[in-house]
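> Here is a sequence with its predicted model. Questions after.
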Amino acid sequence: MNLDEDGLLEAIDAALATQAPLIKAKGLEYRERSRDWIIHVKELHFRLTEAGSAWQPTEDLDGLERRVDETVAQAAKATIAAAPTDAAAHLKAAWSATYGFNPDPEKAYSQAIKAAEAVVIPATIPKDGRPTLGLALSHLENTAGKWTTVLHDKSGNPAPAQPIIGLIKLLWEGQRDRHAGGPTSQKTTQEAAEAAVHAAVLIVQWFNSKAIVKNP
């Protein structure tokens, strides 16, 4: 193919997406083809790494994603693996929309919000008929004195939960494209999307691991 670097990467991304169903298909024929395909993708991963490329195949082998610091990426993947189904699905979608070959910052931020909602709402306002992260945040702020963390302050007492509540507030209020056309509406930048997805990872991890608890 007579393609420049960007065109070749786009073709690789499309090929991975097209062939990804092979890995989940059933039957002997598909298993053999899937095995051969995975061997090719592993070779691709090796070549991209050796070349110092900013891109690598996704964990599901369904496209390319931008390389992220390995420690950070593994922490995010561990959180996704341990999270409840809804939170995990939204985090995965947020990560893909942030670091995929064709990033979508607005989708990434929206999915990050949904991931946080999936763990914060059940812990705060589980009986609300139309819950949002904003309503859950209001509940947390109004009952902040009842929430503590598993960490301790300098006096040895359970540390207050204000920092994680503040992070939820930043995530919720930072989505400036939620009310398009409003006086404070802004387009979500790539940088904001990256910050949002990593904030959501921390929020999901803390709530899922019970690092933040409500006292009677």
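Thanks, I have the structure now.
> longest strand anywhere in this protein?
Longest strand in the chain, counting residues (DSSP state E): strand 147-152.
> Work out the gap between it and the centre of the chain.
Centre-to-centre, strand 147-152 and its host chain are 24 Å apart (Cα atoms, centre = their mean, to the nearest Å).
> Let's test this: name the helix or strand in the protein with the lowest mean pLDDT.
Ranked by mean pLDDT, DSSP states H and E, the weakest helix or strand in the chain is helix 21-24, scoring a mean of 75.
> where does the chain dip in pLDDT?
In the predicted model of the chain, residues 1, 26-29, 178-184 satisfy pLDDT under 70.
> Name all residues that make contact with the residue most central in space within it.
Centroid-nearest residue in the chain, with Cα atoms, centre = their mean: residue 91, separated by 3.2 Å. Residues near residue 91 by Cβ atoms under 8 Å, 6 or more residues apart in numbering: 76, 79, 80, 83, 111, 112, 115, 197, 200, 201, 204. In short, each C-beta sits where N, CA and C put it, glycine included.
> for residue 199, same thing?
112, 116, 167, 170, 171.
> Make sure the last one is actually in contact with residue 113.
Yes - taking Cβ atoms under 8 Å as the definition, residue 171 is a contact partner of residue 113 at 6.7 Å.
> Between the two, which contacts overlap?
Common neighbours of residue 171 and residue 113, counting by Cβ under 8 Å, 6+ apart, are 133, 196, 200.
> which secondary structure element contains the second one?
Using DSSP states H and E, residue 196 falls within helix 190-208.
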